[in-house]
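Student: Sequence isn't available, so here's the structure alone:
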């Protein structure tokens with residue numbers, strides 16, 4: 001009886017998981033727009049992450065698609081939030097400020113400044129601290145690129 005129940009439960013989980021139709025929001029390639037040109041300035045590493053995310057939107061050069069040009073400026077600050085009694089930093093705040101403009105043939109359509117930050121603890125192991133900062137930078141940069149894509153989608157819907 002117990003063996004039958006385990007088999008039934010296993011089959012139920014397999015069917016449930018295989019029937020899931022998960023797909024990421026920004027992976028659709030049937031957008032009604034294309035990004036013609038992107039001009040970056042500021043932090044190279046952050047710009048590379050944003051560019052990789054925006055490259056997921058393919059330029060298929062189809063007729064009838066709205067073409068947009070982007071101007072993206074990024075800036076990174078690392079601030080000390082708190083210190084211990086010796087004056088050594090305990091917590092840092094990593095702030096990424098991004099200013100972006102969306103242009104078309106008609107001119108400027110939209111501009112916005114996005115500020116994302118993350119507070120994290122200091123680490124005695126400097127290599128581990130550097131790796132944590134890199135992961136935080138990647139996560140914040142991906143959130144910024146998703147904000148940019150959402151802005152374009154909202155422009156395109158209007």
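Tutor: Arrived safely. This one's a predicted model, so the numbers in the text were calculated from it and none came from an experiment.
Student: what does stretch 39-59 rub up against?
Tutor: 26-27, 29, 31, 33-36, 38, 69-76, 96, 98, 137-138, 141-142, 144-146, 148-149 (C-beta atoms under 8 Å, 6 or more residues apart in numbering). Glycine gets a C-beta too; all of them are placed from N, C-alpha and C.
Student: The longest strand anywhere in the chain pairs with which strands?
Tutor: Longest strand of the chain, by residue count under DSSP state E: strand 66-83. With DSSP bridges as the test, strand 66-83 is paired with strand 33-42 (parallel), strand 89-104 (antiparallel).
Student: Can you mark which positions in the longest one are buried?
Tutor: Of the residues in strand 89-104, 92, 94-103 count as buried by neighbour count, 16 or more other C-beta atoms under 10 Å.
Student: export those residues to TSV and tack on distance to residue 117 and pLDDT?
Tutor: Shown next, in TSV, are these (distance: C-beta to C-beta, whole Å; pLDDT from 0 to 100):
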residue	distance to residue 117	pLDDT
92	10	95
94	6	95
95	4	95
96	7	96
97	9	96
98	12	96
99	16	97
100	17	95
101	22	94
102	23	91
103	28	91
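Student: For the residue nearest the centre of the chain, list the residues it contacts.
Tutor: Centroid check for the chain by C-alpha atoms, centre = their mean gives residue 142 as the closest residue, at 1.4 Å. Neighbouring residues of residue 142 by C-beta under 8 Å, 6+ apart: 49, 53.
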